[in-house]
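Q: coords please:
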Amino acid sequence: MSKVINRNFLKFLIVIIAFQDVAAGVAGSIMADIIAAYPDYNPTVVMLVATFPGLIQIVPALFYGKLSSIFRKRTLLFTGLILFMIGGIMPFFIDSLPLIIAFRGLLGLGVGITMPLSVDIISDFFDGRERDFLIGFGTSTIACIGAIFFQLGGGILADMYGWQYGFLTYLFPIWILALTFLFLPEPEKRQKLQETNVQKVKPPKVIFGVSLGQVFFSALIFGYVTNISVVIASENLGTATQAGMAISVFTFGTLLAGFVFGRVKHMIPVSYIPVAVFLTGLGMAICYFSHSLTMIFIGSMIGGAGMGIGLPGVFARVAEATPKNSTTSYVGLVVAAQGIGGIMGPFAFGAIINMFNQDIGRFPLLVSTIGLFALGVVWLIAVKVAKPTDTPDIKIDNLNNEEEVSPALTK
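A: The predicted model follows:
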């Protein structure tokens with residue numbers, strides 16, 4: 001059945017999918033209360049409530065390409081959102097810590113589906129600068145707004161009524177499920193491809209190279225996230241509240257950068273990813289050398305802006321490199337790489353700190369700075385020496401591949 005949908009409304013439906021991409025942070029904002037509620041468990045075990053979703057989301061993200069070639073996008077979206085809401089809400093009703101952790105894993109499965117899908121579905125409907133803007137706006141701006149909402153909402157409910165009430169914030173995406181169920185069409189281009197005899201080709205090597213770079217990029221950000229508040233608090237540069245605000249400033253920088261990602265990519269179409277990595281490293285360097293709260297906030301804003309360009313930049317590069325007529329998507333590899341980097345970060349920084357006999361605080365910021373600048377150099381060399389090639393097309397019968405999908409879309 002054919003259904004005409006307003007193009008701007010279609011954009012809205014697509015970008016709101018990213019709202020819950022980093023919503024697992026609810027548990028982080030109330031972790032102290034959860035640890036206090038389970039004194040018989042080791043705090044490291046209790047912290048799995050916050051960290052387990054990030055680990056589990058790697059699994060469906062790794063297989064997202066296969067899933068997207070088998071199932072309809074709407075099916076994947078509704079499955080991911082339902083898993084997300086069930087896994088998110090159930091800890092409100094149960095007291096068993098192992099069960100809570102298990103349901104948090106279910107939430108991770110949902111995020112592992114919806115996060116790559118939120119980028120993949122943009123590429124199904126849009127091309128060029130329009131696609132770049134939506135990827136930046138969705139993965140940086142909307143995702144950050146969602147993260148702030150879930151962290152603040154969960155914290156407020158926990159403070160008012162008790163820590164378990166914080167999990168009720170996961171009821172909020174019901175409106176996203178309802179709107180997308182009612183109005184979001186199945187991508188017409190992908191439907192045609194699945195109905196056509198398609199010859200398989202190997203994915204370009206750049207997809208795996210960019211994903212590998214994302215592993216290191218995500219791991220190096222860890223040095224900032226876990227140490228900036230330590231620097232502010234231990235050196236009496238600000239209050240505990242102001243120490244916590246530094247990461248909020250970083251997130252705000254990421255949010256703002258999402259608005260301009262498309263323009264930045266258009267201005268420096270080859271070097272936008274290494275420039276984003278350099279910018280993030282510059283932010284870390286400013287934080288490392290600063291001895292005032294104001295300069296640390298400035299460094300955090302700059303670092304966050306780099307992150308806000310780098311993350312959608314990696315997604316956009318993988319989307320561009322994917323063969324236009326392919327029924328398999330590779331953006332899930334980026335999500336998996338991000339998760340793997342997040343897991344690597346604590347172990348890598350712990351090993352480096354022990355190797356140099358240093359303490360937490362400023363030293364990890366120095367490691368992040370050096371690592372990001374080095375990664376930026378490697379990435380810049382890689383994009384400069386790479387031969388410019390067009391995205392390979394797959395041989396396909398009876399299909400006219402259009403640059404943009406018509407507003408009249410199949411539901």
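
Q: what is the host helix or strand of Phe150 packed up against?
A: Element membership for Phe150 (DSSP states H and E) is helix 143-161. Packing partners of helix 143-161 (3 or more Cβ pairs under 8 Å, 6 or more residues apart in numbering; DSSP states H and E): helix 26-29, helix 240-267. Where you see a C-beta, it was placed from the backbone N, CA and C, and this is true even at glycine.

Q: wait, which of the ones you listed is closest to Val15?
A: helix 240-267 (9.8 Å; Cβ to Cβ).

Q: tell me the average confidence for the helix or strand just after the closest one?
A: Next along the chain after helix 240-267, taking DSSP H and E as the criterion, comes helix 272-289. Helix 272-289 shows a mean pLDDT of 97.

Q: please apply the same query to stretch 214-228.
A: Here the average pLDDT along stretch 214-228 is 92.

Q: so how far is it off the chain centroid?
A: 14 Å (Cα atoms, centre = their mean, to the nearest Å).

Q: re earlier: kindly calculate the angle that the helix holding Phe150 makes with helix 240-267.
A: 160 degrees (axes from the mean of the first three to the mean of the last three Cα atoms, to 10 degrees).

Q: buried sites along helix 143-161?
A: 143-151, 153-155, 157-158 (16 or more other Cβ atoms under 10 Å).

Q: dump those residues to a markdown table, plus pLDDT and distance to Val367.
A: As requested, those are exported to a markdown table (pLDDT from 0 to 100; distance: Cβ to Cβ, whole Å):
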| residue | pLDDT | distance to Val367 |
| --- | --- | --- |
| Ala143 | 92 | 26 |
| Cys144 | 92 | 25 |
| Ile145 | 92 | 30 |
| Gly146 | 90 | 30 |
| Ala147 | 88 | 25 |
| Ile148 | 87 | 27 |
| Phe149 | 89 | 32 |
| Phe150 | 88 | 29 |
| Gln151 | 84 | 26 |
| Gly153 | 89 | 34 |
| Gly154 | 89 | 31 |
| Gly155 | 87 | 30 |
| Leu157 | 91 | 37 |
| Ala158 | 90 | 33 |
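
Q: so which of those residues comes closest to Ile14?
A: Ala143 (13.1 Å).

Q: that closest one against Ile16, yeah?
A: No - the criterion here is Cβ atoms under 8 Å, and Ala143 misses it with Ile16 at 10.6 Å.

Q: for the closest residue to Phe137 other than its chain neighbours, list the residues it contacts.
A: Of all residues not flanking Phe137 in the chain, Gly258 sits nearest, at 5.2 Å (Cβ to Cβ, 6 or more residues apart in numbering). Neighbouring residues of Gly258 by Cβ atoms under 8 Å, 6 or more residues apart in numbering: Gly136, Phe137, Gly138, Thr139, Ser140, Thr141, Ile142, Cys144, Gly308, Pro312.

Q: in this structure, where is pLDDT below threshold?
A: When residues are selected by pLDDT under 70, those of the chain lie in 1-4, 23-24, 189-201, 387-411.

Q: can you list the domains in it?
A: Split into domains by automatic domain parsing, the chain comes to 1-31+42-194, 201-387.

Q: return the member of the contacts of Gly258 nearest to Gly281.
A: Using Cβ to Cβ, the contacts of Gly258 come closest to Gly281 at Gly308, 14.4 Å.

Q: buried residues in the helix or strand encompassing that closest one?
A: Here Gly308 sits within helix 293-321, counting by DSSP H and E. For helix 293-321, burial by neighbour count (16+ other Cβ under 10 Å) applies to 293, 296-321.

Q: same question for stretch 71-81.
A: Here stretch 71-81 shows Lys73, Arg74, Leu76, Leu77, Phe78, Thr79, Gly80, Leu81 as buried, counting by 16+ other Cβ under 10 Å.

Q: secondary structure added to the residues you listed, as TSV?
A: Converted to TSV, those look like this (DSSP: H, G, I helix; E, B strand; the rest coil):
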residue	secondary structure
Lys73	helix
Arg74	helix
Leu76	helix
Leu77	helix
Phe78	helix
Thr79	helix
Gly80	helix
Leu81	helix
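
Q: what's the most distant pair in these?
A: Among those, the pair separated by the greatest distance (Cβ to Cβ) is Lys73 and Leu81, which sit 12.4 Å apart.

Q: now do the shared contacts for these two.
A: By Cβ under 8 Å, 6+ apart, no residue touches both Lys73 and Leu81.

Q: of the helices and strands packed on helix 143-161, which stretch is the most buried?
A: Mean neighbour count (mean count of other Cβ atoms under 10 Å) peaks for helix 26-29 among the helices and strands packed on helix 143-161, with a mean of 24.

Q: just checking, what packs against that helix?
A: helix 48-56, helix 143-161.

Q: if we use 10 Å, what do you get?
A: helix 48-56, helix 97-125, helix 143-161 (3 or more Cβ pairs under 10 Å, 6 or more residues apart in numbering; DSSP states H and E).

Q: how far does the first one sit from the chain's center?
A: So the one you mean is helix 48-56. So, by Cα atoms, centre = their mean, the centroid of helix 48-56 is 15 Å from its chain's centroid.
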